[in-house]
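>>> Sharing a model that was predicted from the sequence below.
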Amino acid sequence: MSDFIPVPGQQVDSYDTAAPLDTDYYAVFADLSPVERDAWDRARIFTGEVVPEVDEYWDRGDYNLAFARRMGELDLFADGIQHEGLTALSPLAAGLINMEISRGDGSMGTILAVQGGLALRTLALFGSEEQKAQHLLPIARGEELAAFALTEPDHGSDSVSLETRAARQADGSWVVDGAKKWIGNGSSGGVTFVWARVDSPGADDHGAVRCFLVPQETEGYRGVPILGKASLRAIHQAHITLTGVRLPADALLPGAHSFKDASTVLYSTRSGVAWSALGHATACYEAALSYAQQRVQFGKPLAKFQMVQERLTHMLEDLTAMQLYCRWMADLEAAGDLRPTQASLAKFHNTRAARRIAATARDLLGGNGILLEYRVMQHMTDIEAIHTYEGTESVQALLIGRDITGMSAFV
């Protein structure tokens with residue numbers, strides 16, 4: 001029970017802006033199957049458990065590995081990956097999980113994207129039977145943390161130019177040297193899927209980009225959390241250096257032969273970013289609506305002011321469009337008809353719309369909008385990260401532009 005006692009000038013202790021309102025103005029999600037509803041409910045259980053605690057970690061820039069393990073216990077990492085041993089999820093069910101966890105917190109959404117969307121998908125698509133037998137279920141259950149290392153300090157948007165190299169030795173083993181940056185789970189123990197360019201003159205795959213399963217305790221592997229982040233502060237993203245990292249021949253994922261395979265993983269997770277943006281935007285809109293109904297100024301709730309109602313309407317307009325993008329994208333994917341550039345358009349639209357909604361919500365909350373307890377500012381900064389990762393706005397625009405014009409503007 002609160003010990004708050006009203007005094008002149010402060011009649012209200014705080015405002016409840018975290019409770020979910022399940023906004024769905026066009027009934028976009030009204031026809032969910034029981035399995036899809038169950039997936040959303042399991043994600044809702046997770047957000048209900050961790051949101052009160054995760055703010056403390058976000059505030060001090062710390063990562064509680066128990067959060068990732070709890071996601072695994074609730075079977076939230078499958079991400080629509082079709083593989084024996086993994087729970088079968090439709091694209092819609094996977095999207096709803098992503099949306100709900102991001103509605104709770106962006107760092108948790110990134111754990112989901114890294115552990116499930118990137119690492120688990122890479123192993124399921126390209127790993128050997130032995131690799132999958134050893135690591136697939138532990139990663140899916142959150143018992144083993146996993147990272148996906150593609151981006152380098154010098155190669156972000158042009159990751160196709162990655163320079164990390166893997167030299168094949170005479171006995172078939174490998175020596176890997178290079179650097180990676182912004183790698184979620186890359187310094188948290190477990191394994192890292194490292195994409196590197198083969199340095200093996202005379203071999204058929206010389207110069208090709210391939211993927212290696214690297215235990216993080218391997219000598220020469222060093223992952224250091226990146227400090228000073230203003231976004232996604234409750235997950236550690238690592239700067240990794242690989243110096244003479246020696247790997248056995250069977251560390252190579254046999255199904256990964258080129259950068260095109262890395263792109264296959266990224267295309268699959270790009271739709272997840274659109275869902276994540278929807279989760280963030282939902283949290284911001286619902287916080288603004290709840291606050292407007294509770295906060296009294298000039299003798300009446302903010303919700304009774306014309307300007308506030310107009311702002312809420314603009315926010316709902318964007319939010320509903322985001323929901324429609326995600327739902328139709330999921331239906332296309334379920335039918336096998338989703339093209340990569342369609343996922344790019346959803347990501348392009350939704351992260352931009354989420355930014356608008358977050359900015360309006362922060363302004364509507366006034367001074368309270370910058371306090372973490374009301375969550376909008378936290379979502380606002382986390383949206384900046386998802387706006388950039390899995391392909392920046394400019395890269396998405398060039399991918400879409402090439403598709404609709406038939407002309408490439410990449411340099």
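Here it is on my side, so go on. Numbering: from 1, shown residues only.
>>> Using CSV, write out the CA atom coordinates for stretch 61-75.
Listed next in CSV are the C-alpha coordinates belonging to stretch 61-75 (Å, rounded to 0.1, in the frame of the first residue of the first chain):
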residue,chain,number,x,y,z
GLY,A,61,23.3,-0.3,-18.2
ASP,A,62,23.4,-3.9,-16.9
TYR,A,63,22.2,-7.2,-18.4
ASN,A,64,20.4,-9.8,-16.4
LEU,A,65,21.0,-13.1,-18.1
ALA,A,66,18.1,-14.7,-16.3
PHE,A,67,15.8,-12.7,-18.5
ALA,A,68,17.1,-14.5,-21.6
ARG,A,69,16.8,-17.9,-19.8
ARG,A,70,13.2,-17.1,-18.8
MET,A,71,12.3,-16.4,-22.5
GLY,A,72,13.6,-19.9,-23.3
GLU,A,73,11.6,-21.5,-20.5
LEU,A,74,8.5,-19.8,-22.0
ASP,A,75,9.4,-21.2,-25.4
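>>> pLDDT averaged over it, what's the number?
Computed over stretch 61-75, the mean pLDDT rounds to 94.
>>> buried ones in it?
Within stretch 61-75, the residues that count as buried by 16 or more other Cβ atoms under 10 Å are 61, 63-65, 67-68, 70-72, 74-75. In short, each C-beta sits where N, CA and C put it, glycine included.
>>> What of stretch 381-394?
So, applying 16+ other Cβ under 10 Å, buried residues of stretch 381-394: 381-391.
>>> ok, those residues vs residue 216, which is closest?
Lowest distance from residue 216 to the buried residues of stretch 381-394 (Cβ to Cβ) belongs to residue 389, with 21.0 Å.
>>> related to what we said a few turns ago, which of the buried residues of stretch 381-394 fall in helices?
Counted as lying in helices by DSSP state H, out of the buried residues of stretch 381-394, are 381-388.
>>> the strands in the stretch 1-150 of the chain, which residues?
146-149 (DSSP state E, counting those that start in this stretch).
>>> Kindly report the same for the stretch 251-400 of the chain.
Assigned by DSSP E, counting those that start in this stretch, the strands in the stretch 251-400 of the chain fall at 296-297, 300-301.
>>> Looking at those strands, spot the one closest to residue 87.
Closest to residue 87 of these is strand 300-301 (Cβ to Cβ; 43.9 Å).
>>> mind listing what's buried in stretch 299-319?
Neighbour-count burial for stretch 299-319, counted by 16+ other Cβ under 10 Å, picks out 302-303, 308, 311-312, 315-316, 318-319.
>>> and of those, the nearest to residue 409?
Looking at those and their distance to residue 409, the nearest is residue 318, at 27.5 Å (Cβ to Cβ).
>>> Which residue, other than its chain neighbours, is closest to the closest one?
residue 353 (4.2 Å; Cβ to Cβ, 6 or more residues apart in numbering).
>>> Pick the one among the buried residues of stretch 299-319 closest to residue 363.
Nearest member of the buried residues of stretch 299-319 to residue 363, counting by Cβ to Cβ, is residue 311, at 8.0 Å.
>>> As CSV, could you dump the C-alpha coordinates of stretch 308-320?
Taking Å, rounded to 0.1, in the frame of the first residue of the first chain, the C-alpha atoms of stretch 308-320 are listed here in CSV:
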residue,chain,number,x,y,z
VAL,A,308,-4.7,16.4,-27.2
GLN,A,309,-7.5,14.4,-28.9
GLU,A,310,-6.1,15.4,-32.3
ARG,A,311,-2.6,14.2,-31.3
LEU,A,312,-4.0,10.9,-30.0
THR,A,313,-5.8,10.5,-33.3
HIS,A,314,-2.7,11.1,-35.3
MET,A,315,-0.9,8.5,-33.2
LEU,A,316,-3.7,6.0,-33.7
GLU,A,317,-3.6,6.6,-37.4
ASP,A,318,0.1,5.6,-37.5
LEU,A,319,-0.4,2.7,-35.1
THR,A,320,-3.2,1.2,-37.1
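>>> How is this protein partitioned into domains?
Listed by automatic domain parsing, the domain ranges of the chain are 34-140, 146-258, 260-405.
>>> could you redo those as a markdown table and give each row distance to residue 12?
Formatted as a markdown table, the domains of the chain follow (distance: least, Cβ to Cβ, whole Å):
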| stretch | distance to residue 12 |
| --- | --- |
| domain 34-140 | 20 |
| domain 146-258 | 28 |
| domain 260-405 | 8 |
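>>> and residue 23, which of those is closest to it?
That would be, of these and by Cβ to Cβ, domain 260-405, which comes in at 6.0 Å.
>>> list the buried ones in the longest helix along the chain?
Counting by DSSP H, the longest helix found in the chain is helix 259-294. Neighbour counts over helix 259-294 (16+ other Cβ under 10 Å) mark 259, 261-292 as buried.
>>> And for stretch 334-344?
338, 340-344.
>>> Tell me where the model's unsure across this protein.
Applying pLDDT under 70 to the chain picks out residues 1-2.
>>> Helices of this protein, start to end?
Counting by DSSP H, the helices of the chain are 34-60, 65-73, 91-104, 106-112, 121-126, 129-140, 259-294, 306-334, 340-364, 376-388, 393-405.
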